[in-house]
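Q: Fold the following and give me the result.
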Amino acid sequence: MTGTTLRYTSAPFGKATTIAGPMAATIYAASSNTNLELIATLEDVAPDGTVTQITRGVLLGSFRALDRSRSWLDARRLLVRAVHPFDVEQPVPANTVQRYDIGLDPTLWRIAAGNALRLVLSTQATASDCGVSLTLTKAQPCLYTDAQRAVLSGGVYQIERGRRHASVINVPLVSPKALATAASDVTPTSNGLTEPLDWDSGG
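A: Residues are numbered from 1 along each chain as shown. Take a look at the predicted model:
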């Protein structure tokens, strides 16, 4: 399976805004095989072309079933947190449009005025993706079974963007002023990561 990438970039934001919380990309797609893999990456694109990865999510088509009792909908009844049980695989009907809900990792991210958001859809992880330590608590783009690899290889995907099958990403945006400020810094036990300094201020 050779990797293919699609990029969708928003218009620049007129004023600073903040992403706060989980998000989901709902993608309608068809595969020539009985499975597919989609990797959704959300990026921050600066006016000078600098690109910073914000968050990402991965979904294997055979694990597309949603746990609706644990998934979240926003006030508009749009999916904002996709929870998949990952307990039973369901083959993907070949050459048939199906809905795939990709949960992206929750984050808190400030988008500067003039920057844009970009959704990147890819079909195969890069070597650097597969070279890092992977968690086993969710689907990963590098850990296939032999059976999965057999039905992923050589697949041709078609992404739908029409009115009938509108592929979208639901990103929770808030005004930066709506969030309280928390002091943060690298601590002796944070392994070089910046963390809030008042974890125990609540008592």
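Q: The host helix or strand of Asp101 packs against which elements?
A: According to DSSP states H and E, Asp101 maps onto strand 98-111. For strand 98-111, the elements it packs on are strand 17-31, strand 37-45, strand 51-60, strand 79-81, judged by 3 or more C-beta pairs under 8 Å, 6 or more residues apart in numbering; DSSP states H and E. Placement of C-beta: from N, CA and C, glycine included.
Q: Quick one: low-confidence residue ranges for this structure.
A: Applying pLDDT under 70 to the chain flags the ranges 1-3, 126-142, 199-203.
Q: May I ask you to name the longest helix in it?
A: helix 146-152 (DSSP state H).
Q: Strand partners (parallel or antiparallel) of the helix or strand following that helix?
A: With elements assigned by DSSP H and E, the helix or strand that comes after helix 146-152 is strand 157-160. Looking at strand 157-160 with DSSP bridges, its partner strands are strand 17-31 (antiparallel).
Q: okay, the angle between the partner strand and strand 51-60?
A: Computed by axes from the mean of the first three to the mean of the last three C-alpha atoms, to 10 degrees, the angle separating strand 17-31 from strand 51-60 equals 40 degrees.
Q: Show me which positions of strand 17-31 end up buried.
A: Within strand 17-31, the residues that count as buried by 16 or more other C-beta atoms under 10 Å are 17-20, 22-31.
Q: which of those residues lies closest to Val58?
A: Nearest to Val58 out of the buried residues of strand 17-31 is Ala25 (C-beta to C-beta; 10.9 Å).
Q: who are the neighbours in contact with Tyr8?
A: Residues counted as contacts of Tyr8 (C-beta atoms under 8 Å, 6 or more residues apart in numbering) are Arg118, Leu119, Val120, Leu121.
Q: does the third one sit in a helix or strand, and which one?
A: Under the criterion DSSP H and E, the helix or strand holding Val120 is strand 116-122.
Q: buried stuff in that strand?
A: Ala116, Leu117, Arg118, Leu119, Val120, Leu121, Ser122.
Q: isn't the first one right up against Ala11?
A: Yes. The pair formed by Ala116 and Ala11 meets the contact definition of C-beta atoms under 8 Å, at 6.5 Å.
Q: and stretch 161-174, which residues are buried?
A: For stretch 161-174, a neighbour-count test (16+ other C-beta under 10 Å) marks His165, Ser167, Ile169, Asn170, Val171 as buried.
Q: Max pairwise distance over those residues: which two?
A: His165 and Val171 (19.9 Å).
Q: wait, what's in contact with the nearest residue to Asp74 once chain neighbours are set aside?
A: Ranked by C-beta to C-beta, 6 or more residues apart in numbering and with sequence neighbours excluded, the top spatial neighbour of Asp74 is Val80, at 4.7 Å. Listed by C-beta under 8 Å, 6+ apart, the contact set of Val80 reads Gly21, Pro22, Met23, Ala24, Trp72, Leu73, Asp74, Asn170, Pro172.
Q: Okay, and which of the buried residues of stretch 161-174 map to strands?
A: Ile169, Asn170 (DSSP state E).
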